[in-house]
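K.L.:
Below is the sequence, then the predicted model.
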Amino acid sequence: MARKVTALGPARAAPVGGRPFSLAGLRRATWHGERIDWTAYLFVLPFFLPFLVVTLGAALFGFYVSFTDWGIIGAPHWIGVKNYVRAFTDPWVWKTWSNTLRYGLLVVPATTLAALAMALFVNLRWRGYTFARAAFYAPNVVSVTVIGLVWVWMLDTQFGLVNQYLGRFGVPDVPWLTNPKWVLYGIGMASVWWDAGFSMVVLLAGLQDIPHELRETAAIDGANRLQTLVHVILPLLRPALSLVVTLLIIGTLRVFSQIYIMTNGGPAGASASVIHYVYEIGFSKYQLGYAGAISVMLFVTILVLTVIQLRVFREKTF
Amino acid sequence: MRRGIASGTWILWVAGMAAAVAWALPLVWMVSTSVKPPGQVLTPTVEWLPRTVTIENYVKVMQKPVVHWLINSTIVTAASTAVSLTTGAMAGYALARLNFPGRNALFFLVLAVLIIPTEMTIVPLFIGVLKIGLVNSYLALMVPSLASAFSVYLFRNFFLSMPRELEDAAAIDGASRFRTFWTVALPVARPAVIAGGILLSTNYWNAFLWPLLVIFRDEMKTLPVGMAGFTPGTGVGQSTQLGGYAPAMAAMTILTLPSVLVFLFLQRQFIEGATSAGIKG
């Protein structure tokens, strides 16, 4: 970016005489030693103008709103950091953050392990692997409404499929979605089912980057399948694995739709996530300033995680 | 020795395939429930095959403005995907191929802005849409399509790896930049258009939070938000309680069918698209 724009190309006879910004001069202007394509700005404008408004512009506006007492009507009044002070003393903020983190502690490892097992199995390319891959990935293309409602039915305490089959092993009926102790497990199950396929695909791409010779060498050296997995495959899969984990962490921090559909945060707020609280505050009670402050706190958390992830992946991703 | 390996392989294969079948079971159960008469749904033992097959649940579902929702979803998904692909392809082409001051800065901006999660922008965007008076409109539903950096990414990478000779030939023929893009570059970029189109349209088709916020009128809802009203009991505020699980599963089957059919036909493109999305952002 330190390079300069030369407004004049290789000057011919310089007929424009001392006016460097004439049309002809612009046409011959160069950048990086090549002619500038002025049409490029027409190419990028339709994307960048709206893009910057709805991302950067909106984010800055949201930051401003978080320092105001804006409801839905009237003008916003600047109230300084009051919203943030309120957030730190609001027991619901603590509760929803704790719910979200506990949900993440369940879902991130479970999804990663499931996705890893799926990817390793599919990558063997044994008979039927295309069916397995399709079955594992299919929930990912389905609407979250379906995920939520199908699992409300699957997890029905008395008649749901899960409890019916657990009952055959003598497990008493588990109140998956109606008991505060179990509700995060219930929602977590639906989320793993929904998301594991996507992580599997990322891991599969990582597995396919591992040269076959390495595995063969390991096999010749007498390593069995498990040893090859632990000593050869997993270390090489680390970049893909940490990408999956970071994406999942960010994903669980912003969990909303499954919860909204399956329990609407209940029972007694036991499954309300941070975004669910933002939704309640902002879009049911229309306290947009306060909702904005809670979003900003979530944003900072996600930002920190993303920056860490970008540092780790810098050389690989870009 | 050899026998041992073979039986281990056998067990692993059976376990893997069993897991795959189990993964598909919730969808099978959904379809099975959707054709049962409501009286035969809550059974003391699991009944995979319905004793009687009925379409009454589907009839019940169709009493809601499902056709409206379907049309809304289709229009919004198609328009959003078209907008994202067009603007993304043009910007991606310029970033990969054209020489202009600010090119690197703009690309850097895309990367930087990608870090801003939608949650940060959802409150201000909602205020904006409300103040302009866009609520309950297709335009409001299309707002997220304006922020699709993914499409720019995809096309930039594709055009970077495209051989230059093709465009040079067009340039010699005296074609303008825009003509070259439209008649030479874009047709070659078909794989990117397909992969991006599939991924974006799946996302737009399934979008939930944003349509939930900006639509208040029942007949303007999209399919996923409208169908969420069939939740049978536990939660949702606007629950319609149309009589238990059977109609709910009929609604879910209607909602699932298009996505799964498209997925089964275009599996390879889906998985390639997801791979590039996962790895590149």
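P.N.:
Structure's in. What do you need?
K.L.:
residue ranges with poor pLDDT in the chain?
P.N.:
Let's take chain A. Along chain A, the parts satisfying pLDDT under 70 run over A:1-23, A:312-318.
K.L.:
sorry, should have said chain B
P.N.:
B:1-6, B:115, B:117, B:119, B:232-243, B:276-281.
K.L.:
Walk me through the domains of it.
P.N.:
The record's domain split for chain B, according to automatic domain parsing, is B:2-54, B:65-230.
K.L.:
of all the ones you listed, which gets the most neighbours per residue?
P.N.:
Mean neighbours per residue, mean count of other Cβ atoms under 10 Å in any protein chain shown, is largest over those for domain B:65-230, with a mean of 19. (Each C-beta comes from the backbone N, C-alpha and C, glycine too.)
K.L.:
just how off-centre is that one within its chain?
P.N.:
12 Å (Cα atoms, centre = their mean, to the nearest Å).
K.L.:
cool, stretch B:263-271 as well?
P.N.:
Taking Cα atoms, centre = their mean, one finds the center of stretch B:263-271 at 13 Å from the center of the full chain.
K.L.:
is chain A contacted by it?
P.N.:
Yes. Residues of stretch B:263-271 contacting chain A under Cβ under 8 Å from any Cβ of the partner chain: B:263-264, B:267, B:270-271.
K.L.:
Strands of the chain, start to end?
P.N.:
No chain was given, so I picked chain A. Under the criterion DSSP state E, strands of chain A are mapped to A:30-31, A:34-35.
K.L.:
meant chain B actually
P.N.:
With DSSP E as the criterion, chain B has no strands whatsoever.
K.L.:
Tell me which residue is most central in it.
P.N.:
Nearest residue to the geometric centre of chain B (Cα atoms, centre = their mean): B:T202, 1.5 Å.
K.L.:
show me what contacts that residue?
P.N.:
Contacts for B:T202 (Cβ atoms under 8 Å, 6 or more residues apart in numbering or on different chains) come out as A:141, B:259, B:262, B:270.
K.L.:
who's in contact with the last one?
P.N.:
So that's B:F270. Taking Cβ under 8 Å, 6+ apart, one finds A:137, A:141, B:198-199, B:202, B:263 in contact with B:F270.
K.L.:
before we move on, back to that, out of the residues of stretch B:263-271 next to chain A, which sit inside helices?
P.N.:
B:263-264, B:267, B:270-271 (DSSP state H).
K.L.:
of all the residues you listed, which comes closest to B:T183?
P.N.:
Within these, the smallest distance to B:T183 is 28.8 Å, found for B:F270 (Cβ to Cβ).
K.L.:
Any figure for the gap between A:L248 and chain B?
P.N.:
11 Å (Cβ to the nearest Cβ, to the nearest Å).
K.L.:
Test my guess that that residue contacts A:A110.
P.N.:
No. Judged on Cβ atoms under 8 Å, A:L248 makes no contact with A:A110 at a distance of 9.7 Å.
K.L.:
neighbour-wise, which of the two wins?
P.N.:
Counted by other Cβ atoms under 10 Å in any protein chain shown, A:L248 and A:A110 do not tie: A:L248 has more neighbours, with 23 against 18.
K.L.:
Return the residues in contact with A:Y103.
P.N.:
So A:Y103 contacts A:184, A:187-188, A:252, A:255, A:271, A:273 (Cβ under 8 Å, 6+ apart).
K.L.:
Most widely separated two among those?
P.N.:
The largest separation in the contacts of A:Y103, counting by Cβ to Cβ, is between A:T252 and A:S271 at 12.9 Å.
K.L.:
what about the two, which has more around it?
P.N.:
More crowded of A:T252 and A:S271, by other Cβ under 10 Å: A:S271, with 29 against 21.
K.L.:
I'd say that one and A:L184 touch.
P.N.:
Yes. Between A:S271 and A:L184 there is a contact under Cβ under 8 Å: 6.0 Å.
K.L.:
Need the overlap of contacts for those two.
P.N.:
Going by Cβ under 8 Å, 6+ apart, residues that sit against A:S271 and also against A:L184 are A:99, A:103.
K.L.:
Can you give me the neighbour number for A:G292?
P.N.:
Neighbourhood size, A:G292 [other Cβ under 10 Å]: 30.
K.L.:
closest to chain A among the ones in helices among the residues of stretch B:263-271 next to chain A?
P.N.:
B:F263 (4.5 Å; Cβ to the nearest Cβ).
K.L.:
Setting the sequence-adjacent residues aside, check what's closest to the closest one.
P.N.:
Leaving aside its sequence neighbours, B:F263 sits nearest to A:V141 (Cβ to Cβ, 6 or more residues apart in numbering or on different chains; 4.5 Å).
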